[in-house]
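J.: Please find the sequence and the predicted model below.
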Amino acid sequence: MKNDDVSHDGHRKRLLDLVVNAGIDNMSDIQIVEYMLTYIFPRGDVNPLAHRLLDTYGNLTNIIDASSTDLMTVKGINERSAKKISMLGELFYAYSTAKLRKKCKVDCKADVLDIVEDVLRFRTTENLLLLGFSVANYLCGKKRINLYQNNEVSIPIMELTAFLSSVKPASLVVAHCHPYGIAEPSASDLNGFKIVEKICFDCGVNLIDSYIVGENGVYGQREGKLVRTYFDIDDLKVIFNKAK
């Protein structure tokens with residue numbers, strides 16, 4: 001083994017020990033990205049690459065959310081490693097979904113909105129979310145579909161009917177996001193809501209609502225209004241100044 005390999009192996013061991021002993025929350029951004037890269041690249045010094053990725057994307061979230069094509073523009077990232085990085089988000093999502101499905105029971109609308117917000121609020125592309133609930137209000141099915149669109153969400157009928165057939169929920173929640181846009185239904189959204197309503201009616205499934213997640217909050221299509229509002233920093237300053 002070359003001296004450089006020994007040195008890099010020692011650094012990787014120290015990095016792993018730091019993760020175990022200090023915890024991810026107490027590590028710097030560069031250390032976290034570097035640690036992630038040790039799973040993508042089994043050998044070698046990944047520190048320079050970690051710096052290049054952070055310089056390009058700013059933070060870990062943006063790195064993982066980047067497409068494999070975009071990641072390949074960074075020096076040191078080939079097609080295989082780009083695909084591995086871009087799939088980490090899907091892996092984390094599968095893990096959180098499995099945990100959520102085991103014990104998640106909703107007791108009110110706020111609980112449902114928390115799930116919708118957690119999955120969709122910070123997505124950078126159009127995503128559709130299907131949530132199925134049992135008679136006792138336990139989450140019995142959850143499916144997220146990345147539609148790779150910029151402006152409008154179309155309802156994938158086959159995906160919806162397959163979900164209802166396999167999960168067999170008593171109730172359904174449909175939600176989608178408007179990345180960098182406001183939570184307000186487009187003509188396509190209004191038409192899609194009618195389609196989902198009819199499918200649910202024909203299948204004997206209770207459609208709770210169809211939510212739209214935007215920069216300003218969450219819009220409920222059944223209620224026809226914002227059901228959750230997000231404040232930006234300027235809004236909060238106004239509120240605090242009025243309270244003085």
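T.: That came through fine. Numbering: from 1, shown residues only.
J.: And the pLDDT at D5?
T.: We have a pLDDT of 52 for D5.
J.: likewise D55?
T.: D55 is given a pLDDT of 94.
J.: Give me the residues contacting the helix or strand harbouring it.
T.: Assigned by DSSP states H and E, D55 belongs to helix 47-57. Helix 47-57 has contacts (C-beta atoms under 8 Å, 6 or more residues apart in numbering) with 11, 29-30, 33-34, 37, 41, 63, 66, 74-77. C-beta here means a position set from N, CA and C on the backbone, and glycine is covered the same way.
J.: Can you name the two of those that sit furthest apart?
T.: By the measure C-beta to C-beta, H11 and A66 form the most distant pair in these, at 25.5 Å.
J.: Looking at the two now, which is surrounded by more residues?
T.: A66 (22 against 15; other C-beta atoms under 10 Å).
J.: Next up, the contacts around that one.
T.: A66 neighbours (C-beta under 8 Å, 6+ apart): 57, 85-86.
J.: As TSV, the residues you listed with neighbour count would be great.
T.: Converted to TSV, the contacts of A66 look like this (neighbours: other C-beta atoms under 10 Å):
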residue	neighbour count
Y57	18
I85	21
S86	19
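J.: C200: which of these is nearest?
T.: Closest approach between those and C200, by C-beta to C-beta: S86, at 33.4 Å.
J.: Would you check how far apart that closest one and D202 are?
T.: S86 sits at a distance of 37 Å from D202 (criterion: C-beta to C-beta, to the nearest Å).
J.: repeat for V74
T.: Distance of V74 to D202, given as C-beta to C-beta: 49 Å.
J.: more crowded one of those two?
T.: Applying other C-beta under 10 Å to V74 and D202 shows that V74 carries more neighbours, namely 18 against 10.
J.: element containing that one?
T.: Using DSSP H and E, no helix or strand contains V74.
J.: Now do the same contact list for it.
T.: By C-beta under 8 Å, 6+ apart, the residues touching V74 are 49, 52-53, 56.
J.: Look up how far I85 lies from it.
T.: With the distance defined as C-beta to C-beta, V74 ends up 10 Å from I85.
J.: ditto for E126
T.: 22 Å.
J.: same question, D118
T.: Separation of D118 from I85 (C-beta to C-beta): 22 Å.
J.: what helices or strands is the lengthiest helix in the chain leaning on?
T.: Ranked by residue count, the top helix of the chain under DSSP state H comes out as helix 3-22. Judged by 3 or more C-beta pairs under 8 Å, 6 or more residues apart in numbering; DSSP states H and E, helix 3-22 is in contact with helix 29-40.
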